[in-house]
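**Student:** with the input below, show me the fold.
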Amino acid sequence: MKTFLFLIIVLTSCCLAKKAEINKRTINNENDYAIVFLVFKINKDTVQGKNVIELLSKTKTTGKIKEIAQTNVNTENYLTLDVYETGKLTNSIVLPHPLYKNIEYSEGNTLKSKFIESEKEEFFIRLQIKESSTKIRVSESLKSVEKKELTTIQL
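**Tutor:** All right, here's what the predicted structure looks like:
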């Protein structure tokens with residue numbers, strides 16, 4: 001009976017020690033990542049004939065976002081956010097261009113689609129990056145126009 005009780009105590013303490021080690025590794029892995037919240041304003045500059053983007057706010061905090069599968073952007077106009085770590089591209093995120101929207105609406109019993117071009121918009125992006133990431137480059141791709149860089153944000 002004493003041997004059985006001793007065996008249970010030893011096995012329980014081993015399991016608890018292993019759980020503590022796993023929890024410590026999880027915490028250390030989360031410290032390797034950061035969540036960045038970026039708020040932008042983008043508008044058309046009619047004088048220069050191009051779109052201008054301005055970073056309104058940037059917040060960076062330690063943490064990890066649950067992995068969400070990135071959806072394909074099925075549009076001719078989109079923004080690309082390239083995340084760099086010491087000069088090397090580590091991640092690329094594509095999102096619909098906020099100035100060029102294709103909306104659907106109901107008219108009677110039919111659904112219709114309409115293309116809307118805005119003069120200015122504010123938009124928000126939440127990204128997960130590695131703590132060692134150094135910059136984010138924002139580029140735009142427009143229909144029948146070559147991709148061009150809008151801004152670079154130092155982290």
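
**Student:** show me what counts as buried in stretch 50-69.
**Tutor:** By neighbour count with 16 or more other CB atoms under 10 Å, stretch 50-69 contains the buried residues 51, 53. Every C-beta, even on glycine, is put in place using the N, C-alpha and C of the backbone.

**Student:** mind checking the pLDDT average for it?
**Tutor:** The average pLDDT for stretch 50-69 rounds to 89.

**Student:** so what touches that stretch?
**Tutor:** 29-31, 33-45, 99, 122, 126, 128, 131, 138, 140, 148, 150-151, 153, 155 (CB atoms under 8 Å, 6 or more residues apart in numbering).

**Student:** please redo it, this time with the cut-off set to 7 Å
**Tutor:** Stretch 50-69 is contacted from outside by 30-31, 33-45, 99, 128, 138, 140, 150-151, 153, 155, using CB atoms under 7 Å, 6 or more residues apart in numbering.

**Student:** now stretch 90-106
**Tutor:** Against stretch 90-106 from outside (CB under 7 Å, 6+ apart): 42, 44, 51, 70, 73, 75, 77-84, 111-118, 121, 123, 127, 130, 133, 140.
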